[in-house]
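1. I'd like to go over a predicted model; first the sequence, then the structure.
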Amino acid sequence: MTGRRATAVASLLIAGALFVRCTGGQESKAAEEQAPRKNGITTTAVTAASQPPEVDAKAALRSINPAIPIYAGAKYRDDLTRRDSVMIKNQYGPNAEVYTLATDDSFPQVYHYYTTYLAQFRAYPTQSPYPATQTWRTLEVQLNQAMQDPFIPGDMLKPDRQITLQIAETEAEPKTVIRYVITPQPIQSAQAQTPKPAAPSTNAFDRE
């Protein structure tokens, strides 16, 4: 009996030694096992890196010239700007830029603000403070030519870049779209001072 007990003890000691050797001297528990670590790039970091930096359109326009009028109720729309950029580059050349703002205010409200602001410049022809009633309302003004010879001394646009203002009424939300088209060279035509209706947009957004 004693011999059998000794043999059993010896067998247990050998099995224990082999177990310790296989686990590096430590007992292994399933709850402590960890999945292999991936690289150090987190989901948040990937998402942040894939998103372009936010554009401050109003600051960009003010940096060109602080006298550029900007409708207070309008907000920059990156999606509309990227969409309009294709049209603007085709129309004005590959170096043209555009900032598209939008507002849920009506076209007459936006029109009234810009025509009232530009009325302080003698180079801007006198306009009715409210647009004529029509099915489709748009307005285009060459700001460099319109913002000259102010009645009250103030800033004028420098002729280093041409700023074209386009306002368009839409048939969906937002109600009014405001575009600032920037081209490297100013437009020399004398007729550019006179505000004219902008060509109706071919963008599906404006006609939805």
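-> Now that the structure is in, tell me what you want to look at.

2. any stretches of the protein with poor pLDDT?
-> The model of the chain has pLDDT under 70 over residues 1-53, 135, 155, 159, 186-208.

3. am I right that residue 62 falls within a helix?
-> Yes: secondary structure of residue 62 (DSSP: H, G, I helix; E, B strand; the rest coil): part of a helix.

4. burial check on it, number of neighbours?
-> For residue 62, the number of neighbouring residues by other Cβ atoms under 10 Å comes to 13. (Glycine included, C-beta is placed from N, CA and C.)

5. and if you look at residue 173?
-> A count of nearby residues for residue 173, using other Cβ under 10 Å, gives 10.

6. walk me through the domains of the protein.
-> What automatic domain parsing lists as the domains of the chain is 2-27, 53-207.

7. any idea which of the ones you listed is most buried?
-> Of those, the one with the most neighbours on average (mean count of other Cβ atoms under 10 Å) is domain 53-207, at a mean of 16.

8. show me where this structure has its strands.
-> Taking DSSP state E, the strands of the chain run over residues 75-76, 97-103, 138-142, 162-169, 176-183.

9. just put the ones you listed in a markdown table and tack on distance to residue 116.
-> A markdown table is the format used below for the strands of the chain (distance: least, Cβ to Cβ, whole Å):
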| stretch | distance to residue 116 |
| --- | --- |
| strand 75-76 | 21 |
| strand 97-103 | 16 |
| strand 138-142 | 13 |
| strand 162-169 | 13 |
| strand 176-183 | 15 |
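
10. which of these sits closest to residue 82?
-> Nearest of those to residue 82, taken as Cβ to Cβ: strand 97-103 at 8.7 Å.

11. how about that closest one as CSV, C-alpha atoms only?
-> Below are the C-alpha coordinates for strand 97-103, written out as CSV (Å, rounded to 0.1, in the frame of the first residue of the first chain):
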residue,chain,number,x,y,z
GLU,A,97,-12.7,79.4,-56.2
VAL,A,98,-16.2,79.5,-54.7
TYR,A,99,-17.7,79.7,-51.2
THR,A,100,-21.3,78.8,-51.1
LEU,A,101,-23.5,80.0,-48.1
ALA,A,102,-27.1,79.2,-47.6
THR,A,103,-30.0,80.5,-45.5
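
12. returning to that earlier point: wait, which of the strands of the chain is closest to residue 118?
-> Within those, the stretch nearest residue 118 is strand 138-142; the backing value is 6.8 Å (Cβ to Cβ).

13. out of everything not next to it in sequence, what's closest to residue 129?
-> Of all residues not flanking residue 129 in the chain, residue 112 sits nearest, at 5.5 Å (Cβ to Cβ, 6 or more residues apart in numbering).
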